[in-house]
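> 3D, please:
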Amino acid sequence: MTENDGQDRLFGPNPSGLDESPHGMMVLVIVGMIVGLLSGMFGIGGGTVIVPVLVWLGLSQRHAAATSMLAIVPTSISGVISYAHNGNVDWVAAALLSNAQSCYARAELEMTGLAGVLDDLIISSQEKARNPAPDLYTRALDREFVTAKHALMVGNDEQNDIVGARTAGIDGVYFRTEISPADDPETSSYAVRSFTGADYEGLLDYVLNA
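Coordinates of the predicted model:
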């Protein structure tokens with residue numbers, strides 16, 4: 001008795017229950033094309049259609065679900081490549097953490113045009129937490145789906161911005177500006193890099209070459 005004979009006794013000729021004859025494969029290809037057409041025209045999730053169809057064709061529920069999830073991988077990769085090529089993928093997320101009142105912060109961001117370039121705005125008065133509380137930083141991480149080691153805090157208040165971020169495991173870049181607290185140092189020992197003034201070019205160079 002061969003190994004295949006033993007498997008056939010346990011599971012049958014095909015454990016998944018799918019007809020693997022040339023006719024069955026042709027039907028499967030046609031169904032796949034129809035499902036793809038429906039998904040593209042009407043925005044119907046492929047899994048919504050393909051799983052019941054695969055079960056109807058003889059596949060077990062578990063095999064049908066697994067096949068549907070596997071089919072997502074190549075289409076997702078091709079979609080990301082296409083969008084990235086056209087500059088439509090946001091590789092860097094930017095969130096603003098503020099201890100200011102919401103009514104002032106939002107109006108200022110709209111006035112300066114910064115509201116449109118930020119992915120999120122996290123304001124202490126709405127979150128019921130205030131810098132340097134670690135909770136505020138971890139909420140920002142959770143919302144942007146990033147880990148602390150892949151995040152960078154930029155601030156001009158050593159205690160609230162840089163030390164607070166560090167307690168959440170986030171590296172900080174310190175800007176010593178005219179509105180920094182009077183007793184703040186020129187350079188912060190808690191920051192991975194310090195700049196005099198809002199040196200955005202220096203910050204960009206640091207981020208790109210770190």
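> can I assume residue 133 is in contact with residue 165?
No - with contact defined as C-beta atoms under 8 Å, residue 133 does not reach residue 165; the gap is 11.0 Å. Where C-beta positions appear, they are placed from N, C-alpha and C, glycine not excepted.
> So for those two, which residue has more residues nearby?
A side-by-side neighbour count of residue 133 and residue 165, using other C-beta atoms under 10 Å, places residue 165 first with 28 against 17.
> which one is the more buried one nearest to, not counting chain neighbours?
Spatial nearest neighbour of residue 165, excluding adjacent residues (C-beta to C-beta, 6 or more residues apart in numbering): residue 153 at 3.6 Å.
> That neighbour: what secondary structure?
strand (DSSP: H, G, I helix; E, B strand; the rest coil).
> any idea of the pLDDT on it?
Note for residue 153: predicted pLDDT of 91.
> residues touching it, list them.
97, 137, 161-162, 164-165, 170-173 (C-beta atoms under 8 Å, 6 or more residues apart in numbering).
> and the gap between the residue at minimal distance from the centre of the chain and residue 93?
The centre of the chain sits closest to residue 145, judged by C-alpha atoms, centre = their mean, with a distance of 4.7 Å. Relative to residue 93, residue 145 is positioned 8 Å away (C-beta to C-beta, to the nearest Å).
> Quick check: residue 66 is in a helix.
Yes - counting by three-state DSSP, residue 66 is part of a helix.
> Check the burial of it by counting its neighbours.
Neighbours of residue 66 using other C-beta under 10 Å come to 15.
> how close does it get to residue 159?
51 Å.
> Same check on residue 57?
64 Å.
> ok, now residue 60?
59 Å.
> can you check residue 147 too?
24 Å.
> now swap in residue 187 and tell me
15 Å.
> thinking again about what came up before, neighbour count for residue 147 and residue 159, which is higher?
residue 159 (15 against 9).
> what helix or strand does the closest residue to that one other than its chain neighbours sit in?
Of all residues not flanking residue 159 in the chain, residue 132 sits nearest, at 6.0 Å (C-beta to C-beta, 6+ apart). Secondary structure from DSSP states H and E places residue 132 outside every helix and strand.
> was I right about residue 132 contacting residue 164?
Yes - contact between residue 132 and residue 164 holds when scored by C-beta under 8 Å: they sit 2.5 Å apart.
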